[in-house]
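Trainee: Here you go, sequence then predicted model.
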Amino acid sequence: DVHPVTSKTVPQVLAELKRAFGQIWIDLDQVDAGSTRRLVDSLIDMEPNELGADFRNGLAAITEGHPLFVLELMKDLQERGELVRDAAGRWRQSREIDWQQTPARVEGVIEKRIGRLDPELREILGIASVQGEVFTAEAVAKVHGVDERVLVRRLSWELERQHRLVQELGAERMGLRRLSQFRFRHILIQRYLYRQRGSSERAYLHEALGNALEELVGDQNGRVSVQLARHFTEAGLTDRAMLHLQRAGERALKLSAYQEAAGHLRRALSGADSLTAEGKPPDRLWVAHIERMLGEASYALGDIDGSRELLERSARRLGRPIPAQVGLAILGEVARQARYRLLPRRSGGEASPRRAELREAAGIYKALTEIYIVSTENARTLYATLGNLNLAEGAGLSPELASAYADMSAVCPLLNLHSLAEKYRSMAAQAAQALGMEPVTAYVRMATSVFTVGQGRWEESADSLDRAIAAFRQLGDWNRLGLTLVLRTHVHIFKGEFEA
């Protein structure tokens, strides 16, 4: 007798075929990018065509090489007139193609696959689609209100192995929590499910998922800050989105990912502008901090003018504008520094939040010092260096104070103040030791070596720079590592170690 093969008997049939004939199928979900492109090429080239690499790459990216999606999308493009035959009967593009539009044919295929699921599995996938192509099972479980282990089991056994709609990526630890990561087998499935939700429901789910992720990752949320920012932005919670964009920008800066950092920080400033327009301006110190970080990222990307504009605006925001004429202002800063040296403070500096503002202003002036150096504006360089130091002195013991002392040890020899440079070098080392922070200690070793190299103290300089190089490598501070390696190279050259 011949019986129709139902969905329940397919796994058994496949198992029998595999047992009888061995490995007889290819898992299309596991092919690599090169195989995907070759598969797409073979399907396109079934008919004569003049379709180039851009079209083929776009089709491969949106379909991920799924044969059914490739063929259905090709048919849809032909029916819409975006692919037409030329006089020789070859297919070619008639206009630019928007790959973000999912054709009705493909949606119909996806709709049938989703329709086979029970209502709860459809709801689970709907929530997961709001998180994105990759989603966290534990976050979905919290939003759906089900046991995490039960949900992971259903994802792994039913949605992955039986229906082949998702794929498990593995688990990672965040603090004490184990988080299970899954992805949709195809981005078009995720997009379809996401569009099935109304805008109000999507906003609610974005907020719920953001809250769930914050709770799950705790103080590790910097690792998912970009995702959290997206959820709270879509939920209309601009203030919470801005905080996560700030963390994303800070994280990217530490990794020397300056383009990425600039993107996050610009979005944070845009959010600040939106809140201001709504009559809810954010804290000025917070905005100044974002402007400073964006200025630093812009400087690293080579946008000197843009960086300068941001940093000087940030200084004005905190009531510390750079004077148009800095001559008399330099004398004022020298007098302030003399008072600090003659009458040193015994306290830890100003109390918060005043202390926080002084530290931020010091950071802004430090960044401006670099701008003025590369612009060969010597008077402004001296003013910003002294201003940085005096602001940091006002804040008391802090990373800003240690680095300001170190910077002064490098600047003083330019004014022929060698004994004063030695004093600042010693003060920088003492401040770094008191703080006990490796990034600060490494910076102090690097910056004070500018003075010792100029003094011809090769062995002392080499030891400090080697320690700083090791620390920056461990910290992943590639920008400062590069500067330190340049100084270390100078020491090798001055010592005649040309093969080092």
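Mentor: Structure's in. What do you need?
Trainee: can you give me the strands in the stretch 1-150 of the chain?
Mentor: Here the stretch 1-150 of the chain has its strands, by DSSP state E, counting those that start in this stretch, at 83-85, 91-93, 134-136.
Trainee: what's the most buried one of those?
Mentor: Neighbour counts (mean count of other Cβ atoms under 10 Å) averaged over each of these peak at strand 134-136, with a mean of 22. Glycine gets a C-beta too; all of them are placed from N, C-alpha and C.
Trainee: can you list the residues that contact stretch 201-216?
Mentor: By Cβ atoms under 8 Å, 6 or more residues apart in numbering, the list of residues contacting stretch 201-216 from outside reads 127, 130-131, 136, 138-140, 142-143, 174, 177, 179, 194, 197, 221, 224, 227-228, 230-232, 234-237, 240.
Trainee: Can you give me the buried ones in that stretch?
Mentor: Using 16 or more other Cβ atoms under 10 Å as the test for burial, stretch 201-216 gives 202-203, 205-214, 216.
Trainee: between the strands of the stretch 1-150 of the chain, which one is nearest to residue 357?
Mentor: strand 134-136 (37.8 Å; Cβ to Cβ).
Trainee: Which residues does the closest one contact?
Mentor: Under Cβ under 8 Å, 6+ apart, the answer for strand 134-136 is 128-129, 169, 179-183, 213, 216.
Trainee: please redo it, this time with the cut-off set to 6 Å
Mentor: 128, 179, 182-183 (Cβ atoms under 6 Å, 6 or more residues apart in numbering).
Trainee: which stretches of the stretch 101-250 of the chain form helices?
Mentor: For the stretch 101-250 of the chain, the helices defined by DSSP state H, counting those that start in this stretch cover 104-115, 119-131, 137-144, 148-154, 187-195, 199-217, 225-234, 238-254.
Trainee: could you redo those helices as TSV and give each row distance to residue 364 and mean pLDDT?
Mentor: Below are the helices of the stretch 101-250 of the chain laid out as TSV (distance: least, Cβ to Cβ, whole Å; pLDDT from 0 to 100):
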stretch	distance to residue 364	mean pLDDT
helix 104-115	52	79
helix 119-131	37	95
helix 137-144	38	96
helix 148-154	45	94
helix 187-195	42	89
helix 199-217	30	94
helix 225-234	23	93
helix 238-254	15	92
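Trainee: Now tabulate those in a markdown table and tack on distance to residue 274.
Mentor: Listed next are the helices of the stretch 101-250 of the chain as a markdown table, based on distance: least, Cβ to Cβ, whole Å:
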| stretch | distance to residue 274 |
| --- | --- |
| helix 104-115 | 34 |
| helix 119-131 | 23 |
| helix 137-144 | 27 |
| helix 148-154 | 36 |
| helix 187-195 | 24 |
| helix 199-217 | 16 |
| helix 225-234 | 10 |
| helix 238-254 | 6 |
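Trainee: quick one, which of those is nearest to residue 266?
Mentor: helix 238-254 (9.0 Å).
Trainee: Could I get the buried residue list for the closest one?
Mentor: 238, 240-254.
Trainee: ok, residues contacting stretch 331-345?
Mentor: By Cβ under 6 Å, 6+ apart, stretch 331-345 touches 386-387, 390, 393.
Trainee: how about the nearest residue to residue 291, chain neighbours excluded?
Mentor: residue 314 (3.9 Å; Cβ to Cβ, 6 or more residues apart in numbering).
Trainee: how many neighbours does residue 229 have?
Mentor: By other Cβ atoms under 10 Å, the residues close to residue 229 number 25.
Trainee: separation between it and residue 264?
Mentor: 7 Å (Cβ to Cβ, to the nearest Å).
Trainee: And for residue 207?
Mentor: From residue 207 to residue 264 the distance is 20 Å (Cβ to Cβ).
Trainee: ok, now residue 308?
Mentor: 21 Å.
Trainee: same thing with residue 64?
Mentor: On the measure of Cβ to Cβ, residue 64 and residue 264 end up 28 Å apart.
Trainee: swap in residue 170?
Mentor: Going from residue 170 to residue 264 by Cβ to Cβ gives 26 Å.
Trainee: which of the two has more neighbours?
Mentor: Higher neighbour count among residue 170 and residue 264: residue 264, with 26 against 8, using other Cβ under 10 Å.
Trainee: Downstream of the helix or strand residue 442 falls within, the next helix or strand is which one?
Mentor: Under the criterion of DSSP states H and E, residue 442 resides in helix 438-454. Next helix or strand after helix 438-454 toward the C-terminus (DSSP H and E): helix 458-475.
Trainee: Could I get the average pLDDT for that next one?
Mentor: Here helix 458-475 scores 93 as its mean pLDDT.
Trainee: Next, the buried residues of the next helix or strand after it.
Mentor: Using DSSP H and E, the helix or strand that follows helix 458-475 in sequence is helix 478-494. Within helix 478-494, the residues that count as buried by 16+ other Cβ under 10 Å are 480-481, 483-485, 487-488, 490-491.
Trainee: same question, stretch 120-129
Mentor: 121, 124-129.
Trainee: Now flag whichever of the residues you listed is closest to residue 377.
Mentor: residue 129 (53.7 Å).
Trainee: quick one: contacts for that closest one?
Mentor: Contacts of residue 129 (Cβ under 6 Å, 6+ apart): 190, 193-194.
Trainee: For it, give its distance to residue 480.
Mentor: On the measure of Cβ to Cβ, residue 129 and residue 480 end up 42 Å apart.
Trainee: what's the answer for residue 173, then?
Mentor: On the measure of Cβ to Cβ, residue 173 and residue 480 end up 29 Å apart.
Trainee: give me the number of residues near the closest residue to residue 255 other than its chain neighbours?
Mentor: In space, and not counting its chain neighbours, residue 255 is closest to residue 476: 6.2 Å by Cβ to Cβ, 6+ apart. Neighbour count for residue 476, taken as other Cβ under 10 Å: 10.
Trainee: try residue 193
Mentor: 20.
Trainee: you'd agree it is up against residue 127?
Mentor: No. Between residue 193 and residue 127 there is no contact, the gap being 9.2 Å when judged by Cβ atoms under 6 Å.
Trainee: what's the angle between the helix holding residue 442 and helix 478-494?
Mentor: Helix 438-454 and helix 478-494 are oriented at 30 degrees to each other (axes from the mean of the first three to the mean of the last three Cα atoms, to 10 degrees).
Trainee: quick one on the thing from earlier: using JSON lines, lay out the buried residues of stretch 120-129 together with distance to residue 108.
Mentor: As requested, the buried residues of stretch 120-129 are exported to JSON lines (distance: Cβ to Cβ, whole Å):
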{"residue": "121", "distance to residue 108": "20"}
{"residue": "124", "distance to residue 108": "22"}
{"residue": "125", "distance to residue 108": "17"}
{"residue": "126", "distance to residue 108": "18"}
{"residue": "127", "distance to residue 108": "23"}
{"residue": "128", "distance to residue 108": "22"}
{"residue": "129", "distance to residue 108": "18"}
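Trainee: Pick out whichever of those sits closest to residue 81.
Mentor: For the buried residues of stretch 120-129, the nearest to residue 81 is residue 129 (30.8 Å; Cβ to Cβ).
Trainee: Strands - which of the contacts of strand 134-136 land there?
Mentor: Mapping the contacts of strand 134-136 onto strands (DSSP state E) picks out 179, 182-183.
Trainee: Buried subset of those residues, written for ChimeraX?
Mentor: The buried subset of the ones in strands among the contacts of strand 134-136, as determined by 16+ other Cβ under 10 Å, is captured in ChimeraX by this line:
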select :179,182,183
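Trainee: Closest to residue 268 out of the ones in strands among the contacts of strand 134-136?
Mentor: Looking across the ones in strands among the contacts of strand 134-136 and measuring by Cβ to Cβ, the closest to residue 268 is residue 179, at 25.7 Å.
Trainee: Pull the contacting residues for the closest one.
Mentor: By Cβ under 6 Å, 6+ apart, the contact set of residue 179 is 136, 138, 172.
Trainee: List the residues that contact the second one.
Mentor: Listed by Cβ under 6 Å, 6+ apart, the contact partners of residue 138 are 148, 179, 216.
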